[in-house]
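Asks: pasting the sequence and the predicted coordinates here, then a few questions.
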Amino acid sequence: QLVESGGGLVQPGGSLRLSCAAPEFIVLYYSIAWFRQAPGKEREGVACISRTGDTTDYADSEEGRFTIARTVAKNTIYLRIHGLKPEDTAVYYCAARNSQFCAGSEGDYEYWGQGTQVTVAS
C-alpha cells in the first residue's frame, strides 16, 4: 500500500527527493519512516515523521543532510537528501507504524513499500 518513487542514478554531491505515496488512513493515523538497505548491509532507519507531523527524527549520522516531510493533501511523504555520497547507495523504503511515535526498529512497522533504488556514482 506504500509506493516509493524518485530513486535513480545521482552524482556525488547531488540532491534527490524520494516520494512515498500512501493511503489516506496511513498518512493521517500512522507514523512513517524511511529506511534504507545497502548491498550486504542490514536495513537501517534514516528518518521518521510522527503521526501528527509535528515531530521528525533522524539517524544521528544523517541529520542535516536528510529532510522528511509530508503533504497530507497529496497523501505523500517525502525524503529529501542533500550532499549525496557513494555510501548513500541503497534501496530506500518507506514504512508505516500505527502509533503517534516514531521507532527505530524495522520490526515496529506494519506496512512497507517495495523500495526505490538510489545509486550515487560519478
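Replies: Right, received. Where do you want to start? Numbering: from 1, shown residues only.
Asks: can you show me the helices along this protein?
Replies: All helices of the chain, identified by DSSP state H, fall at 24-29.
Asks: please give me every residue in contact with residue 38.
Replies: 87, 89, 90 (Cβ atoms under 8 Å, 6 or more residues apart in numbering). For every residue, glycine as well, the C-beta is placed using N, CA and C.
Asks: for it, report the pLDDT, please.
Replies: We note a pLDDT of 97 for residue 38 in this prediction.
Asks: among the contacts of residue 38, which lie within strands?
Replies: In this view, the contacts of residue 38 that belong to strands under DSSP state E are residue 90.
Asks: by neighbour count, which of the contacts of residue 38 wins?
Replies: Neighbour counts for the contacts of residue 38 peak at residue 90, which has 22 neighbours (criterion: other Cβ atoms under 10 Å).
Asks: nearest residue to residue 37 in space, please, no chain neighbours.
Replies: Nearest residue to residue 37, sequence neighbours excluded (Cβ to Cβ, 6 or more residues apart in numbering): residue 43, at 4.1 Å.
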